[in-house]
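Student: A predicted structure for the sequence below; I have some questions about it.
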Amino acid sequence: MANRYSTNYRMNRVFREDRAALIVPIDHGLVWGRVPSLEAPVAVMRRFMSEDITGFMVSTGIVKQSEVDMAKAPALARVLAIDAFWPTSAPATGTGTLVASVEDAVRLGVDCVKLLLPWNVDDAEKVLYCNRIGSVVSEASKWHMPVMVEPVFLAAPRTPEIIEAELEVARIGYDLGADIIKITFPGPDATAKLCAELDIPVVVAGGPLSGDSASTLRDVQDAIAAGAQGVVVGRKVWQRPAEEAAHVIAEMASITRKHYSRRW
């Protein structure tokens, strides 16, 4: 399907023709500080650079400290988180803010910017988020910088009601002008529904470490078979023992090729 993304240089670095994106996020420190197994994020990046992945999700500090490493791996894309929210444990009273600009992202040479869209916040905070995302989308268009928006209900249990509500918030992100929607895996049927409704790439987040590696791989396969254009999996990989993590990444990489169909 030909559309405005087909000639966008950065979008085609994030999303390749031959496989779904397999992005390893290591930006968790922005909101959670010293996450177990990610105390040294650049060391984690170096550990996975030689694996069969397509890129990383990073923070400004990680980009600055890994410039030499990434110069040696130019095929790997980088998605820059440019906002944060505190405290994630109390979203009703929390506050979000930008921590980097689109111009910073361009200067740093990344391929995409990412913003949260928390929705279990008060109405004033919702207004601020929509204004913030709208402003970033406007500025990003001047630089042909893709914008990824992540609808989320912070610290909320993954009930059917929350999953359905996240699909509704994904539509808000789409209408705000997102180029990519990142959503915690809502199941294969809901993923297929979202991918059918939105004419932009949808990527699925892995979420916190839970279950065994087989269940993680099954979710990845289901997500991509349902139409997701990529997966963003961090804690379910780098919080596992090194040998198991390498196995999971290799299996995910195979899935991203065998079950992928490009939709944009």
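Tutor: That came through fine.
Student: list the contacts for T256?
Tutor: Counting by CB atoms under 8 Å, 6 or more residues apart in numbering, T256 touches R19, A20, A21, L22, T54, V220, I224, G230, V231. Quick note: C-beta positions are derived from backbone N, CA and C, even for glycine.
Student: wait, which of those residues is closest to S89?
Tutor: V231 (25.9 Å; CB to CB).
Student: Surely H259 touches Q221?
Tutor: Yes - between H259 and Q221 there is a contact under CB atoms under 8 Å: 5.8 Å.
Student: which residues touch E150?
Tutor: K114, L115, L116, L117, G173, I181, K182, I183, A205 are the contacts of E150 under CB under 8 Å, 6+ apart.
Student: at 7 Å instead, please
Tutor: Shown in contact with E150 (CB atoms under 7 Å, 6 or more residues apart in numbering): K114, L116, L117, K182.
Student: Next, the second one: phi, psi?
Tutor: Pointing back at L116 there. Dihedral angles of L116 (phi, psi; degrees, to the nearest 10) stand at phi -80, psi 160.
Student: just to revisit the earlier point, inside strands: which ones of the contacts of E150?
Tutor: Using DSSP state E, the members of these that fall in strands are K114, L116, L117, K182.
Student: how far away is the last one from P201?
Tutor: If I follow you right, that is K182. 10 Å (CB to CB, to the nearest Å).
Student: now swap in the second one and tell me
Tutor: According to CB to CB, L116 and P201 sit 18 Å apart.
Student: Am I right that R46 falls within a strand?
Tutor: No - looking at R46 with DSSP: H, G, I helix; E, B strand; the rest coil, it is helix, so not inside a strand.
Student: What sits closest to it if chain neighbours are left out?
Tutor: D69 (6.0 Å; CB to CB, 6 or more residues apart in numbering).
Student: what packs against the helix or strand containing that neighbour?
Tutor: Applying DSSP states H and E as the criterion places D69 in helix 67-71. Under the contact criterion of 3 or more CB pairs under 7 Å, 6 or more residues apart in numbering; DSSP states H and E, helix 67-71 touches helix 41-49.
Student: From the contact counts, what lies against the top helix by length along the chain?
Tutor: Assignment by DSSP state H gives helix 123-143 as the longest helix of the chain. Taking 3+ CB pairs under 7 Å, 6+ apart as the contact definition, the neighbouring helices and strands of helix 123-143 are strand 95-98, helix 102-108, strand 112-118, strand 147-152.
Student: quick check: angle from it to strand 147-152?
Tutor: 160 degrees (axes from the mean of the first three to the mean of the last three CA atoms, to 10 degrees).
Student: chain center to helix 123-143, what's the gap?
Tutor: 18 Å (CA atoms, centre = their mean, to the nearest Å).
Student: Pull out the buried residues from that helix.
Tutor: E125, K126, Y129, R132, I133, V136, V137, E139, A140 (16 or more other CB atoms under 10 Å).
Student: now those as a markdown table including distance to A190?
Tutor: Converted to a markdown table, the buried residues of helix 123-143 look like this (distance: CB to CB, whole Å):
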| residue | distance to A190 |
| --- | --- |
| E125 | 26 |
| K126 | 23 |
| Y129 | 23 |
| R132 | 27 |
| I133 | 22 |
| V136 | 27 |
| V137 | 25 |
| E139 | 31 |
| A140 | 28 |
